[in-house]
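Asker: What follows is a protein structure lacking sequence information:
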């Protein structure tokens, strides 16, 4: 399967899951909120199922294609741990993540989500620049 076709299929599945979650449970498919609610909320069953689906998807893709589509990490584990912590901090500061704001919020025409998504993209661009050009020589 061509990579762009796989990306389109992934986008359709993300959109479909967001629509189904909203239609069936009236909930926004913000992954950070869903994942944090697995530990803190009383309505855990659907949250666990949603997170399990996220984890199962690359395994299913690996079973079908022989490749998970994730790729090899380009930085060492300590940098990935720092990145994960920064993403967690960012989702708390931004009151949501790229899926909640970028997929669901923009679809609902939320101005707050539009601003948050622009900030996510700008910080993502800065991060790529730092990792590829500034930290590349620092032993990443």
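Answerer: On my side now, so go ahead. Here the structure is a predicted model, which is why all the values come from computation and not from measurement.

Asker: And the contacts of stretch 40-52?
Answerer: With contacts defined as C-beta atoms under 8 Å, 6 or more residues apart in numbering, stretch 40-52 is touched by 17, 21, 25, 27, 29, 34, 35, 37, 38. All C-beta atoms are positioned from the backbone trio N, CA, C, and that covers glycine.

Asker: Any chance of JSON lines for these, columns distance to residue 124?
Answerer: Output for those, formatted as JSON lines (distance: C-beta to C-beta, whole Å):
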{"residue": "17", "distance to residue 124": "22"}
{"residue": "21", "distance to residue 124": "24"}
{"residue": "25", "distance to residue 124": "29"}
{"residue": "27", "distance to residue 124": "26"}
{"residue": "29", "distance to residue 124": "20"}
{"residue": "34", "distance to residue 124": "21"}
{"residue": "35", "distance to residue 124": "20"}
{"residue": "37", "distance to residue 124": "25"}
{"residue": "38", "distance to residue 124": "25"}
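
Asker: out of these, which are buried?
Answerer: Neighbour counting with 16 or more other C-beta atoms under 10 Å marks 17, 21, 27, 29, 34, 35, 37 as buried within the contacts of stretch 40-52.

Asker: picking up where we left off before, which of the contacts of stretch 40-52 sits closest to residue 87?
Answerer: Nearest to residue 87 out of those is residue 35 (C-beta to C-beta; 11.4 Å).

Asker: Give me the subset of the contacts of stretch 40-52 that lies in helices.
Answerer: The helices, defined by DSSP state H, take in 17, 21, 25, 34, 35, 37, 38 from the contacts of stretch 40-52.

Asker: Give me the pLDDT value at the residue lying closest to the last one once chain neighbours are set aside.
Answerer: With C-beta to C-beta, 6 or more residues apart in numbering as the criterion, residue 38 has its nearest non-adjacent residue at 4.8 Å, and that residue is residue 47. pLDDT recorded at residue 47 is 92.

Asker: Okay, helices next: where are they in this structure?
Answerer: Under the criterion DSSP H, helices of the chain are mapped to 3-25, 31-40, 44-65, 77-93, 106-107, 111-129.

Asker: ok, and which of those has the densest surroundings?
Answerer: Among those, helix 31-40 has the highest mean neighbour count (mean count of other C-beta atoms under 10 Å), at a mean of 16.

Asker: That'll do, ta.
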